[in-house]
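Asks: structure, please.
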Amino acid sequence: QGSIHSMAAPMRAWAGGVTALLLCCLTYGAAFNQPSVLRNAGVSCGIRGALKNLAASRATGAPRDCGIIWSADGLKSTRLMARRSFPIVMAAPMYTAQSAVVAESCEVSGNGRSRLLRLEGLEHDVNYEPGHVLAIEVEWEGKVLKGPYTVTRADTSRRSIDVIYRVISDASTPVAGDEKHAAIGVRKTTLFSKLAQGDRAAFGGSFHVPIARGISSKGVEHVVLVSSGVGVGPMIGFVEQCMQQWHSSQGSTDAPGSGRDADKGDMEPDLAHLKSLRVTLFAGYRDVDDQVCRELLDKYAKASEGRFKWYSCLSGEGATFDSEIATKGTPTESSSTSLPSLPDSGTYLRGRTTVSAPPRIACMLAAARLPLSSVHFHMIGNGGMVNEWRQALVEEVGVSEERVTTETYFGHKTAPVTEAVHAIASPLLQHHKDSKVPASTLDTAAVD
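Replies: Now for the predicted structure:
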């Protein structure tokens, strides 16, 4: 009887894990290209794959936390159920799309390659936050092209969602996750850029954990955001959420485009923990003209009364931009002579985020006398950048996994570059060890 009782708890835990896994498979086992139909084949494949991978993880001693890699129409996106995961390859998640109309389509970068698309739902209310992932559908020559995009902001009263995307116009150049659309001679982002106000589209589904929901309400005093390219979009929306909490009685903050009021609506009490946070954003770009919503971010920084700061990390001509790492290999760092002429602003930093941001973070924490344990890090962008920051923070510096959240747009399997990991970890380890970093480090990091 003692042996039976001693086995009861592990058996219950195992049964609960299997049940949760099967429910997850049923939820995610439907196909993207049949949003209203649960495909038995997809569910069956998902369950078999899940059990096979779970068994393999037990045999090899790998972490048993399960992740999901879903794909449809040649697209792939990773949505992790746990901080460290053993991937389960499954069919694309099921979602129900609603018809929508284009409310706005505009450029949000100097070179016009980054754009904002605003869709208003025509059928039912929306419930999205910055960092949610949804599917957007557009028609082209009788075909429906669809794929996952991350929400920048949403407006419940207008049933609208905003996404910021980068236009890739050359369909002959392979891009990770978009092989099928390259094969048929068009990219979704090219079609998006041609949409005009009043045009029809569709969106649906709600995946991934929004940025604000991944931040603990206990012990976090500072949030550090790191992005590459249009990965800054959802972070802008998160900053707007913080602005709402900081200045709920002091008017509104304007969203890019038509002057939309991003602060209308009731305050969300479950986001009250944002009110005490300070936020610092490091946005990685190659050139000055690549910057997304710069004037808006400058406006927010000025209105935040010191609670929000942001830096534009420019790798410059002759250096490999963060978003190209997945396809072009090891990055090369730019020299000071390769950078374009920059405006007279202290918010520009030299080099990729892996090089320019860590010394600034270490000095910032030292000046505020904050331990690393009080900081939450969130990264969005290409797999190379995200994986380098994650490995440096969690494995090298020892930041708690609960304090590091990520979203990868493409290049999920890109291996971290050792030099980049070291560049991130060294200043933070020094801060962790000495609780201070020489002020000269901060002075040389910024572009005067």
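
Asks: from here on, contacts and neighbour counts on C-alpha atoms
Replies: Noted.

Asks: any low-confidence regions in the stretch 301-448 of the chain?
Replies: 317-346, 434-448 (pLDDT under 70).

Asks: ok, now with 80
Replies: Counting by pLDDT under 80, the stretch 301-448 of the chain contains low-confidence residues at 316-346, 432-448.

Asks: quick one: the helices in it?
Replies: For the stretch 301-448 of the chain, the helices defined by DSSP state H, counting those that start in this stretch occupy 325-328, 353-368, 383-390, 418-434, 439-445.

Asks: and what of the stretch 51-200 of the chain?
Replies: 179-183, 188-194.

Asks: so which of the helices of the stretch 301-448 of the chain is nearest residue 219?
Replies: Distance to residue 219, taken as CA to CA, is lowest for helix 353-368 among the helices of the stretch 301-448 of the chain, at 14.8 Å.

Asks: report the angle between the closest one and helix 383-390.
Replies: Using axes from the mean of the first three to the mean of the last three CA atoms, to 10 degrees, the inter-axis angle of helix 353-368 relative to helix 383-390 is 30 degrees.

Asks: helices or strands up against helix 353-368?
Replies: Packing partners of helix 353-368 (3 or more CA pairs under 8 Å, 6 or more residues apart in numbering; DSSP states H and E): strand 278-285, strand 308-314, strand 348-350, helix 383-390, helix 418-434, helix 439-445.

Asks: buried residues in it, which are they?
Replies: 353-366 (16 or more other CA atoms under 10 Å).

Asks: next one: stretch 106-117
Replies: Buried positions in stretch 106-117, judged by neighbour count with 16+ other CA under 10 Å: 106, 107, 108, 109, 112, 113, 114, 115, 116, 117.

Asks: residue 116 is in contact with the first one, correct?
Replies: Yes - with contact defined as CA atoms under 8 Å, residue 106 reaches residue 116; the gap is 5.4 Å.

Asks: turn the helices and strands packed on helix 353-368 into a markdown table, including mean neighbour count.
Replies: Output for these, formatted as a markdown table (neighbours: other CA atoms under 10 Å):
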| stretch | mean neighbour count |
| --- | --- |
| strand 278-285 | 25 |
| strand 308-314 | 24 |
| strand 348-350 | 23 |
| helix 383-390 | 26 |
| helix 418-434 | 19 |
| helix 439-445 | 15 |
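
Asks: residue 311: what's it in contact with?
Replies: The contact partners of residue 311, by CA atoms under 8 Å, 6 or more residues apart in numbering, come to 280, 281, 282, 283, 347, 348, 349.

Asks: how about those residues in CSV, adding distance to residue 425?
Replies: What follows is the contacts of residue 311, written out as CSV (distance: CA to CA, whole Å):
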residue, distance to residue 425
280, 18
281, 18
282, 16
283, 18
347, 22
348, 21
349, 18
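
Asks: returning to what we had before: dump the buried residues of helix 353-368 into JSON lines; add distance to residue 291 as well.
Replies: Below are the buried residues of helix 353-368 laid out as JSON lines (distance: CA to CA, whole Å):
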{"residue": "353", "distance to residue 291": "14"}
{"residue": "354", "distance to residue 291": "18"}
{"residue": "355", "distance to residue 291": "18"}
{"residue": "356", "distance to residue 291": "16"}
{"residue": "357", "distance to residue 291": "16"}
{"residue": "358", "distance to residue 291": "20"}
{"residue": "359", "distance to residue 291": "22"}
{"residue": "360", "distance to residue 291": "20"}
{"residue": "361", "distance to residue 291": "21"}
{"residue": "362", "distance to residue 291": "24"}
{"residue": "363", "distance to residue 291": "25"}
{"residue": "364", "distance to residue 291": "23"}
{"residue": "365", "distance to residue 291": "26"}
{"residue": "366", "distance to residue 291": "29"}
